[in-house]
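J.: What follows is a predicted protein model with its sequence.
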Amino acid sequence: MKIRKSQGKLQNKQKVEQNPEKPRVSDLDAALKIRAEADLPAAPVQAVRRVTQPRRKDEAEASAPRKAQEQQASADFRERRERQATQESRGRATPEQHTPTTGRFFYALKVPASITGPLSEAQRKLKGNWRTTGRDQMHVTLCYLPSAPLDRLAELKALGARLTENLGPMDVKLRGTGYFPNEGSPRVWFVKVEAEGLDELAAGLRAGVQELGIETEEMGFKAHITLARRKGPAPRVPPMNFELGWKAGGATLQRSHLQKTGPIYEQVSTFRFQAPAFQVQSQAIATPSETASPQTDTGNSPSPTQQTQAQEPS
């Protein structure tokens, strides 16, 4: 029993030696330590920066096709919307726009290339908002029909053939340039044209069209070639004279199709002047009513002092 007690005391002594008891801190020392720590400056707070992991190359390559598909889908959507809007606007159009029953026509003398070349050179003098007439569209309007029924086209062809079959070639001559209207802001720049029998042919065509019950222009006839039309502020060109001419061997019936960039002319029929050149042209022109009795009314022929100009098909 004594041996066990002595062994226990020895073990306790060894534990004390291995783990010596910490010295006791007084309350005063603890208070001083807390106060000293309170007086120390606070440690600076460092901002935490978020680190973004770089995208891997394979992820970027995988997202590229998806982005391309999204862009293509967006483009296809816009295209469908535009197509739908176009179809809706066409659906609101009037039946006449889809199946027209009338058209714009005019009888005219075509201008040969030997004349259109010098006239085209004269157009280079224009400045500002002038829209020039193309060389292939230059003509002398004889009678303008703003709204002719398409089912009466055969009658218009027959009228042109009947009024020109007894005519011989015409010597057409160019004169000076002019403006319409002459005062104020002009809308048209033209060159005057003269030919024996030309006024009578124009008057006969107008009377024949009116007897068919088809509308014609109301302005008086004055032979000319339109060189340009004014679309905005533009200065005038000084007067110009042309010592040019050609021998007209026939007339045409043209149809005018309006476009945003200007009219497009479609040749519908051609009428040749087949009579000998020495035949008096003024006696060969007769309207349908003149076959029964001569017509003495010259109200359709312009007077020498008439200043109005025929309206050109646009």
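T.: Structure's in. What do you need?

J.: now Gln71, what's its secondary structure?
T.: Here Gln71 is helix, with the state taken from DSSP: H, G, I helix; E, B strand; the rest coil.

J.: Could you report the pLDDT at it?
T.: On the pLDDT scale, Gln71 is placed at 75.

J.: can you start the count at 25 instead of 1 from here on
T.: That works, and once the first residue is 25, the last one we named lands at Gln95.

J.: Distance of it relative to Phe101?
T.: Distance of Gln95 to Phe101, given as CB to CB, to the nearest Å: 11 Å. Every C-beta, even on glycine, is put in place using the N, C-alpha and C of the backbone.

J.: So for Gln307, what's the pLDDT?
T.: Reading off the confidence values, Gln307 has pLDDT 45.

J.: Low-confidence ranges, the protein, go.
T.: Regions of the chain meeting the criterion pLDDT under 70 cover residues 25-52, 55-56, 58-90, 111-122, 301-338.

J.: Which residue ranges of it form strands?
T.: Ranges of strands within the chain are 126-134, 154-156, 163-173, 194-204, 212-218, 248-254, 269-272, 274-281, 288-296, based on DSSP state E.

J.: between those strands, which gets nearest to Ala109?
T.: Smallest distance to Ala109 across those (CB to CB): 25.1 Å, for strand 274-281.

J.: Contacts for that closest one, please.
T.: Counting contacts by CB atoms under 8 Å, 6 or more residues apart in numbering, the residues outside strand 274-281 that touch it are 127-134, 163, 166, 180-181, 184, 188, 225, 287-297, 337-338.

J.: Direction-wise, compare that strand with strand 288-296 and give the angle.
T.: Using axes from the mean of the first three to the mean of the last three CA atoms, to 10 degrees, the direction of strand 274-281 lies 160 degrees away from that of strand 288-296.

J.: Identify each buried residue in strand 274-281, please.
T.: Along strand 274-281, these residues count as buried under the neighbour rule (16 or more other CB atoms under 10 Å): 274-280.

J.: check contacts around the residue lying closest to Ala275 once chain neighbours are set aside.
T.: In space, not counting the residues next to it along the chain, Ala275 is nearest to Phe295; the distance is 4.8 Å by CB to CB, 6 or more residues apart in numbering. Contacts for Phe295 (CB under 8 Å, 6+ apart) come out as 184-185, 187-189, 274-277.

J.: could you measure Thr126 against Arg230, distance?
T.: For Thr126 relative to Arg230 (CB to CB), the value is 18 Å.

J.: Quick check: Leu133 touching Ala272?
T.: Yes: shown here, Leu133 and Ala272 form a contact pair, counting by CB atoms under 8 Å, at 5.1 Å.

J.: overlap in contacts of these two?
T.: Taking CB under 8 Å, 6+ apart as the contact criterion, the common neighbours of Leu133 and Ala272 are 194, 196.

J.: if we can go back for a sec, how about TSV for the buried residues of strand 274-281, with distance to Pro142 added?
T.: Formatted as TSV, the entries for the buried residues of strand 274-281 read as follows, by distance: CB to CB, whole Å:
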residue	distance to Pro142
Gly274	22
Ala275	22
Thr276	22
Leu277	27
Gln278	23
Arg279	28
Ser280	25
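
J.: what's the most distant pair in those?
T.: Farthest apart among those by CB to CB are Gly274 and Ser280. That separation is 19.4 Å.

J.: Need the distance between the two termini of stretch 141-159.
T.: The first and final residues of stretch 141-159 sit 7 Å from each other (CA to CA, to the nearest Å).

J.: do the same with stretch 141-157
T.: Using CA to CA, the end-to-end distance of stretch 141-157 comes to 12 Å.

J.: list the buried ones in it?
T.: Neighbour-count burial for stretch 141-157, counted by 16+ other CB under 10 Å, picks out 143-144, 146-147, 150, 154, 156-157.

J.: Could I get the CA-only coordinates of stretch 196-210 as PDB?
T.: Taking C-alpha atoms only, stretch 196-210 is exported to PDB below (Å, rounded to 0.1, in the frame of the first residue of the first chain):
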ATOM      1  CA  VAL A 196     -38.200  69.500-139.200                       C
ATOM      2  CA  LYS A 197     -36.000  72.400-138.000                       C
ATOM      3  CA  LEU A 198     -34.800  73.400-134.500                       C
ATOM      4  CA  ARG A 199     -35.000  76.900-133.300                       C
ATOM      5  CA  GLY A 200     -34.100  78.600-129.900                       C
ATOM      6  CA  THR A 201     -34.500  77.400-126.400                       C
ATOM      7  CA  GLY A 202     -37.200  78.500-124.000                       C
ATOM      8  CA  TYR A 203     -38.800  78.000-120.600                       C
ATOM      9  CA  PHE A 204     -42.300  77.100-119.400                       C
ATOM     10  CA  PRO A 205     -43.600  79.100-117.800                       C
ATOM     11  CA  ASN A 206     -41.500  81.900-119.100                       C
ATOM     12  CA  GLU A 207     -42.100  84.100-116.000                       C
ATOM     13  CA  GLY A 208     -41.200  83.200-112.400                       C
ATOM     14  CA  SER A 209     -39.800  79.700-111.600                       C
ATOM     15  CA  PRO A 210     -39.700  77.600-114.800                       C
END
